[in-house]
Each structure stands twice: as C-alpha cells, then as structure tokens.
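Participant: Structure, please.
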Amino acid sequence: MSFLVPDASEIRMLQFVTGDDAPGILTLRLYVNNKTPEDSDTVSDYTEASGFGYSAIALNAANWDFTTVSGVSTATYNSVQTFTFTSGPVVIYGYYVTDGGGNLIWVQRFSVASVTIPAGGGDIDITPYLGLNSNGTS
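Facilitator: The predicted structure follows:
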C-alpha cells in the first residue's frame, strides 16, 4: 500500500503532539477516485464512497496498540474494521483518516489497483495503522 501523511497533515499532527490542538475522534473513510497520495493533498482531493450501504467508521482512541521494531514506531488499530456494502458496483482505491474537524490526517492507497464491490455487495476489511521511522518521518 502507498502510505502518506501529507504536509498539512504533518502540521496537524505536530499541533496534536504539542497540545496546540486536539484531534477529536478520528474517522476511517474509503475513497473512490483514482488518486495516488501526494504531499500537497488535503481532504478535498479524495472522494469518499457513498451509498450502497457504506458508512464511515469512527475510531476509538483506546483501541490503538503501539510498538517500536527496528527503529520504526507504529500505531495499529487492534481490530479489523469492516465496511459492508449492500450493493454495488463500487470501485475503492484506498482509505483515509480524518480528525474531528474533518481534516485529512493520513491516506493509504491499496497495493492492488483497486477493489471492486460487485452488484450483490460485499465487504472491505481495513486494519488502520500509522508508522514513523527513527528520524521522525512518516
């Protein structure tokens, strides 16, 4: 998967860490536009899935697990989050996470070109994570 914390999102994260602002509830969302994440991205660059039974998922702050292995620190959500579509077709390219103010925090494009939900519906399972390497970059 192509994982990215855009530049504006890095500033938001620094605001969270320094106590200048609070993230509020993080929300996991799927995007349907064929977009490769870029450093200049904002939430408006991503088209959220809609209809077909889709709904965004609020992420509980208590459900993150934190580890550091070989200089890479990660936060991994401790349970798979399932998006259930009651119908389709819907083409999904990846997921993104927004803060309580609706700002983009990070985005991850699927490692496959896209995932297509068929006319009869289906599920997409995501385990959100965020990683930082030892020099502080994402």
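Participant: Would you quantify the distance from the nearest residue to residue 105 once chain neighbours are set aside to residue 71?
Facilitator: Spatially, and ignoring its direct neighbours in sequence, residue 105 is nearest to residue 97 (4.7 Å; C-beta to C-beta, 6 or more residues apart in numbering). For the C-beta atoms, the positions are set from N, CA and C on the backbone; glycine is no exception. When distance is defined by C-beta to C-beta, to the nearest Å, residue 97 is 23 Å away from residue 71.
Participant: Tell me which residues touch the residue nearest to the spatial centre of the chain, please.
Facilitator: The geometric centre of the chain, computed from its C-alpha atoms, lies nearest to residue 96 (C-alpha atoms, centre = their mean), at 2.8 Å. Residues in contact with residue 96 (C-beta atoms under 8 Å, 6 or more residues apart in numbering) are 29, 31, 43, 46, 104-108.
Participant: Could you grab the helix/strand/coil label for it?
Facilitator: The three-state assignment at residue 96 reads strand, by DSSP: H, G, I helix; E, B strand; the rest coil.
Participant: More neighbours: residue 97 and residue 71, which one.
Facilitator: More neighbours surround residue 97 than the other of residue 97 and residue 71, with 23 against 9 (other C-beta atoms under 10 Å).
Participant: can you tell me how far the more buried one sits from residue 122?
Facilitator: Residue 97 is 22 Å from residue 122, where distance means C-beta to C-beta.
Participant: Then residue 18?
Facilitator: Between residue 18 and residue 122 the distance is 42 Å, computed by C-beta to C-beta.
Participant: what do you get for residue 32?
Facilitator: 15 Å.
Participant: Which residue is the nearest non-sequential neighbour of residue 66?
Facilitator: Counting by C-beta to C-beta, 6+ apart, residue 75 is the residue found nearest to residue 66 once chain neighbours are left out, at 5.4 Å.
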